[in-house]
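S.K.: next input, structure requested:
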Amino acid sequence: MNWVRRILWIGALTTLLVGGWLFAAQNRDPVRVHYVVGEFAEVALWKALVAAFAAGAAVVGVFTLIAALRHGLVLRRTRKLVGGLEAEIHQLRNLPLAPDPEAPGDTRTTRSDAAPPRRLGRDA
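M.R.: A predicted model of the protein is given here:
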């Protein structure tokens with residue numbers, strides 16, 4: 001199976017090289033390149049096209065990198081928050097169980113002795 005993958009990679013590389021060579025051969029006419037702050041002298045069309053493609057790819061790469069860094073920071077913050085909440089759950093699980101309300105000497109009030117709960121928000 002490795003040899004099939006290797007043959008596919010060699011075929012893809014060969015196709016890319018031949019395609020690039022044909023692209024450069026068919027687009028060798030000299031052109032003037034005007035940009036924001038100036039102008040280049042005569043340069044081959046294929047070089048101008050490759051430079052424009054590379055510049056666009058670099059701009060997209062910068063924006064993608066910024067988005068990936070923001071995503072990483074949000075993920076890190078979320079993991080830290082989840083870790084804190086897991087620690088809190090662990091602490092709550094380790095609390096001792098409540099004493100039996102039926103036991104003698106218990107001073108807590110039962111539900112029947114307590115005042116009725118107040119209604120808040122939409123329950124009112």
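
S.K.: can you classify the spatially most central residue of the chain by secondary structure?
M.R.: With distances taken as Cα atoms, centre = their mean, residue 71 lies nearest the centre of the chain, 4.0 Å away. Using DSSP: H, G, I helix; E, B strand; the rest coil, the structure places residue 71 in helix.

S.K.: what ranges do the strands span in the protein?
M.R.: 30-35, 38-44 (DSSP state E).

S.K.: how close does residue 80 sit to residue 72?
M.R.: Look at residue 80 and residue 72: by Cβ to Cβ, to the nearest Å, they are 13 Å apart. Glycine gets a C-beta too; all of them are placed from N, C-alpha and C.

S.K.: apologies, that question was intended for residue 49.
M.R.: The span separating residue 49 from residue 72 equals 34 Å under the rule Cβ to Cβ.

S.K.: and if you look at residue 56?
M.R.: Distance, residue 56 to residue 72, by Cβ to Cβ: 25 Å.

S.K.: what about the nearest residue to residue 41 once chain neighbours are set aside, how many residues nearby?
M.R.: Among residues not flanking residue 41 along the chain, residue 32 sits closest, at 7.1 Å (Cβ to Cβ, 6 or more residues apart in numbering). Residue 32: 10 surrounding residues under other Cβ atoms under 10 Å.
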